[in-house]
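Q: sharing a model prediction with you, sequence too.
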Amino acid sequence: MFDIGGGELFGLGVLAVLLFGPDRLPNMAREAAAFLRKVREFTSQTTAQIKDETGSDLIRDIGEVTRQIRSPRRAIVDSLLNGGESPAAAPAAKPHFDPETP
């Protein structure tokens, strides 16, 4: 996620020991871990509450919109080719072939 290597991680550890001291650092690490645990718990509870109140269809629709936003070129092409319908709802276009046309 952050692309931090071993040397960089070691350097950050040394910097943390120099800034905060070896006696305060373990307590700060425990507090940071507890804070991250609370944030994860809050997000999972919020997600579960949204699913309960709105249904899983909303979550799926948000995921579809997110995919379209991440790929705007694809969304524009699909919209133009399918006349504004979603790709799943649009019938497959068959190419027109006329054997008499040169």
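A: Ah, there it is.

Q: low pLDDT regions in the chain?
A: 1-2, 55-57, 59, 68, 75, 83-102 (pLDDT under 70).

Q: which strands and helices lie in contact with the helix ranked longest in it?
A: Secondary structure assigned by DSSP state H gives helix 25-54 as the longest helix of the chain. Under the contact definition 3 or more CB pairs under 8 Å, 6 or more residues apart in numbering; DSSP states H and E, helix 25-54 sits against helix 6-20, helix 56-70. All C-beta atoms are positioned from the backbone trio N, CA, C, and that covers glycine.

Q: and the contacts of stretch 17-25?
A: By CB atoms under 8 Å, 6 or more residues apart in numbering, the residues outside stretch 17-25 that reach it are 16, 28.

Q: pull the distance from that stretch to the chain's centre.
A: Mean-position distance between stretch 17-25 and its chain equals 35 Å (CA atoms, centre = their mean, to the nearest Å).

Q: repeat for stretch 9-21
A: 31 Å.

Q: mind giving me JSON lines with the helices and strands packed on helix 25-54 and columns for mean neighbour count and distance to Ala29?
A: Shown next, in JSON lines, are the helices and strands packed on helix 25-54 (neighbours: other CB atoms under 10 Å; distance: least, CB to CB, whole Å):
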{"stretch": "helix 6-20", "mean neighbour count": "11", "distance to Ala29": "9"}
{"stretch": "helix 56-70", "mean neighbour count": "11", "distance to Ala29": "34"}
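
Q: okay if I get these as TSV plus distance to Phe42?
A: Below are the helices and strands packed on helix 25-54 laid out as TSV (distance: least, CB to CB, whole Å):
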stretch	distance to Phe42
helix 6-20	26
helix 56-70	17
